[in-house]
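Engineer: A predicted structure for the sequence below; I have some questions about it.
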Amino acid sequence: MTIFLARHGETDSNIEPIRIMGTVDPPLNETGRKQAEELAERVVEEGAEIKALYCSHKKRAHQTAEAIGRRIGLEPQVDERFAESDRGRLEGKLWQEVERDEPNVYAAWRAAGDQFRFPEGESLLEQQQRVLAGLEDVRQGPLPALVVCHGGSIRVALCAGSPRGLDAFQDWDVPNVALTKL
């Protein structure tokens with residue numbers, strides 16, 4: 001059976017220039033709330049008859065999951081393992097600031113891989129391990145299921161199926177309210 005992953009709707013930090021969120025917890029903005037409602041309709045149109053709904057504990061993911069839950073009649077189950085990576089001392093900065101002020105860190109981020117760790121934060125491998133553990137638990141429950149989470153969480157899950165592993169992290173574009181079938 002199938003697990004779907006969906007990225008949360010837009011926050012003010014997702015608008016160019018993009019601000020690094022990680023564990024920072026902004027709510028959806030007006031566009032993000034509309035996107036969440038539209039995503040709920042796409043989930044219904046997909047015809048998957050979702051039987052379980054999960055989400056990260058971050059407001060942006062939880063608010064998106066609540067919109068979907070209202071539409072499909074399910075209460076989101078919160079699981080912190082689906083949260084975005086802890087991006088350490090980069091959180092709150094603009095990516096363009098990091099590129100300018102810390103070019104070595106930015107280059108390492110763009111290369112990604114299982115050795116990449118956010119300064120004073122989490123590694124991609126650590127994030128992948130917790131996300132995959134969460135997905136394994138989802139697989140044990142009713143399927144099809146939908147997990148509303150974050151771009152990085154979706155990317156690390158996709159990397160698990162790539163021959164390149166976490167080196168493929170930057171290969172995927174995961175825009176707000178992207179819906180991905182595992």
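Structural biologist: On my side now, so go ahead.

Engineer: use CA for all of it now, contacts and neighbours both
Structural biologist: Fine.

Engineer: For this structure, which segments count as strands?
Structural biologist: For the chain, applying DSSP state E gives strands covering 3-7, 52-55, 77-78, 145-149, 179-181.

Engineer: could you dump these to JSON lines with mean pLDDT, distance to residue 65 and mean neighbour count?
Structural biologist: JSON lines is the format used below for the strands of the chain (pLDDT from 0 to 100; distance: least, Cα to Cα, whole Å; neighbours: other Cα atoms under 10 Å):
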{"stretch": "strand 3-7", "mean pLDDT": "98", "distance to residue 65": "9", "mean neighbour count": "24"}
{"stretch": "strand 52-55", "mean pLDDT": "98", "distance to residue 65": "6", "mean neighbour count": "26"}
{"stretch": "strand 77-78", "mean pLDDT": "98", "distance to residue 65": "9", "mean neighbour count": "18"}
{"stretch": "strand 145-149", "mean pLDDT": "98", "distance to residue 65": "6", "mean neighbour count": "28"}
{"stretch": "strand 179-181", "mean pLDDT": "96", "distance to residue 65": "12", "mean neighbour count": "15"}
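
Engineer: So for residue 167, which of these sits nearest?
Structural biologist: strand 179-181 (19.5 Å; Cα to Cα).

Engineer: what distance separates that closest one from the centre of its chain?
Structural biologist: Remark: strand 179-181 is offset 11 Å from the chain centroid, using Cα atoms, centre = their mean, to the nearest Å.

Engineer: Can you give the contact residues for it?
Structural biologist: Outside strand 179-181, the residues that touch it by Cα atoms under 8 Å, 6 or more residues apart in numbering are 2-7.

Engineer: what about the strands of the chain, which gets the closest to residue 164?
Structural biologist: strand 179-181 (19.1 Å).

Engineer: Okay, now the sheet partners of the closest one, with direction.
Structural biologist: Sheet partners assigned to strand 179-181 using DSSP bridges are listed as strand 3-7 (antiparallel).

Engineer: if we can go back for a sec, now the strands of the chain in TSV, with distance to residue 44?
Structural biologist: Formatted as TSV, the strands of the chain follow (distance: least, Cα to Cα, whole Å):
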stretch	distance to residue 44
strand 3-7	12
strand 52-55	13
strand 77-78	19
strand 145-149	12
strand 179-181	12
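
Engineer: Point out the one among those that comes closest to residue 18.
Structural biologist: strand 3-7 (15.9 Å).

Engineer: Please put the alpha-carbon coordinates of the closest one into CSV.
Structural biologist: Extracted in CSV, the C-alpha atoms of strand 3-7 (Å, rounded to 0.1, in the frame of the first residue of the first chain):
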residue,chain,number,x,y,z
ILE,A,3,2.3,6.4,1.7
PHE,A,4,2.0,10.0,0.4
LEU,A,5,4.2,12.8,1.7
ALA,A,6,3.1,16.4,1.4
ARG,A,7,5.1,19.5,2.1
